[in-house]
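[1] this one's structure only:
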């Protein structure tokens, strides 16, 4: 056997031909299976309802996918019809893909009703390829799905076999032999190409493969030629996994499912020890961790935590996941128990050694970062923020709120404008999310402050004014309206202090559609304490 053969991939293809019907049957808790009436799912195609999926009872009556509903009702008046829900079908397929992660993390969608699993190098963990295929099919069958599966060296060959020879396991290099007797329709090349091949007398894949490649390409296109080459095992197209492969993965399988919080916590703790030991060998620490809980009924629940600094201690991982589990709005439901728990580090970094014994600042930073991680695990990382100064004079853009876990060091090193001692602040500490409009009857001079204004249906008489502070908008970031703002610090008769601005200059920037000057708008942008 050549070196190339040893390193070739092994692909398991899954096909769920009755996924829409099976999904509906699960919703009715198996009620459709006890109903002797045939059931179909219909979808609109060219302004006509056609059969999208059907059960065995409907198939035995001679109904088929693509048949108009009117013809089907004529053949079977007692037909039970359901509307197709493509979004729900896709969600169900995605849930099945999540469940298939227990066999390999490399799972790709093969829409509308199929999956690809790259099982290269992992089949021996389940007793071999045959045992893996049987375990997967039986488990999905217990969940209420009709499944067809096959294993081959290429995804196209495996997919072709699932349509015609379910359960086939093709030895490496024997793909052409395995599919040569199958009809050309098994390639899934489309109705037009399939019809053209049959008219040319090419009824099986072997017939097509016997012709010269340039003849096939000239008649049916390069796309079909490539599909044929991949099906024969002479080339391969890589699958696109739904999720990137984590840097480190550890997992624990159980002969008897676990359901108690104590066992779940113990399992996570042991997995954390193993994960830390694996990362420590390469000097790595975890920044993003995910715990996946696989239930016996096929439901998968994943929980993720992030850290501001690389984690190198298992007790920190325990604490973060404990905080996350306690704060879940939808508590972790074990159902009939979890038969597998997986802990993975999807993002890792090299750990930089620091002198921690004598440097008090390092200890303070570690404690602050740990506190932020715990709070973020409980309420979400996006809700714990730090503020960073921005190089702009536009008030609402002068500060950026960023996640504290990822920008803590930048926030600690940020330089803010110095404030003059014994002087009031030039700007409020907090601004309104959006400037609120105020009514100004008149100003002292065209570009001056108002004598009074109305805000939130209350009138305010102006007694003291500071300003203006003129700010021109950044024309390179605007969408066509670059009005100059004049900001004023206003104090009313009640002692309240406002930060207001006039949006635009009199007779300079504010005009109506006829080009006549109009009064600019006034807004309050914040309040001083």
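    Ah, there it is. Predicted, not measured: the structure shown is a model, and the values here were computed from it.

[2] CA only for contacts and neighbour counts going forward, please
    OK.

[3] what about the nearest residue to residue 16 once chain neighbours are set aside, distance to residue 389?
    In space, and not counting its chain neighbours, residue 16 is closest to residue 147: 4.8 Å by CA to CA, 6 or more residues apart in numbering. Plainly put, residue 147 is 57 Å away from residue 389 if you go by CA to CA, to the nearest Å.

[4] tell me what the spatially closest residue to residue 65 that is not a sequence neighbour is bridged to.
    When the adjacent residues along the chain are set aside, residue 65 lies closest to residue 51, with 5.0 Å between them (CA to CA, 6+ apart). For residue 51, the residues forming beta bridges with it (DSSP bridges) are residue 42.

[5] my guess is residue 51 meets residue 66, correct?
    Yes - with contacts counted by CA atoms under 8 Å, residue 51 reaches residue 66, the gap being 5.0 Å.

[6] now do the contacts for the residue nearest to residue 65.
    Contacts here follow CA atoms under 8 Å, 6 or more residues apart in numbering; on that basis residue 51 touches 40-43, 64-69.

[7] with residue 281 instead?
    Here residue 281 is in contact with no residues (criterion: CA under 8 Å, 6+ apart).

[8] and the pLDDT for it?
    Note on residue 281: pLDDT of 92.

[9] swap in residue 338?
    Per-residue confidence at residue 338 stands at 94 (pLDDT).

[10] residue contacts, it?
    Contact criterion CA under 8 Å, 6+ apart gives 254, 257-259, 293-296 as the residues in contact with residue 338.

[11] again with residue 195
    With contacts taken as CA under 8 Å, 6+ apart, residue 195 has no neighbouring residues.

[12] phi and psi next, for it.
    Torsion angles at residue 195 (phi, psi; degrees, to the nearest 10) stand at phi -60, psi -40.

[13] how much space separates it from residue 161?
    In this structure, residue 195 and residue 161 are 20 Å apart, going by CA to CA.

[14] where do the helices sit along the stretch 51-200 of the chain?
    56-60, 69-75, 86-100, 129-142, 155-164, 175-179, 191-199 (DSSP state H, counting those that start in this stretch).

[15] can you tell me which of these is most buried?
    Among those, judged by mean count of other CA atoms under 10 Å, the one packed with the most neighbours on average is helix 155-164 (a mean of 25).

[16] so how far does stretch 184-191 reach from one end to the other?
    10 Å.

[17] ok, residues contacting that stretch?
    With CA under 8 Å, 6+ apart as the contact definition, stretch 184-191 has outside contacts at 156, 160-161, 163-164, 194, 197, 202-205, 224, 227-228, 231.

[18] about what we covered before: among the helices of the stretch 51-200 of the chain, which is nearest residue 498?
    Across the helices of the stretch 51-200 of the chain, the minimum distance to residue 498, taken as CA to CA, is reached by helix 86-100, at 51.0 Å.

[19] for the stretch 101-250 of the chain, give me the ranges with low pLDDT.
    Counting by pLDDT under 70, the stretch 101-250 of the chain shows no low-confidence range.

[20] so where do the strands sit in it?
    Assigned strands in the stretch 101-250 of the chain, in chain order: 107-110, 114-118, 148-152, 248-258 (criterion: DSSP state E, counting those that start in this stretch).

[21] now those in a markdown table, with mean neighbour count and distance to residue 140?
    Written out in a markdown table, the entries for the strands of the stretch 101-250 of the chain read as follows (neighbours: other CA atoms under 10 Å; distance: least, CA to CA, whole Å):
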| stretch | mean neighbour count | distance to residue 140 |
| --- | --- | --- |
| strand 107-110 | 20 | 16 |
| strand 114-118 | 24 | 13 |
| strand 148-152 | 26 | 10 |
| strand 248-258 | 15 | 18 |
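
[22] pLDDT of stretch 253-263, averaged?
    For stretch 253-263, mean pLDDT rounds to 91.
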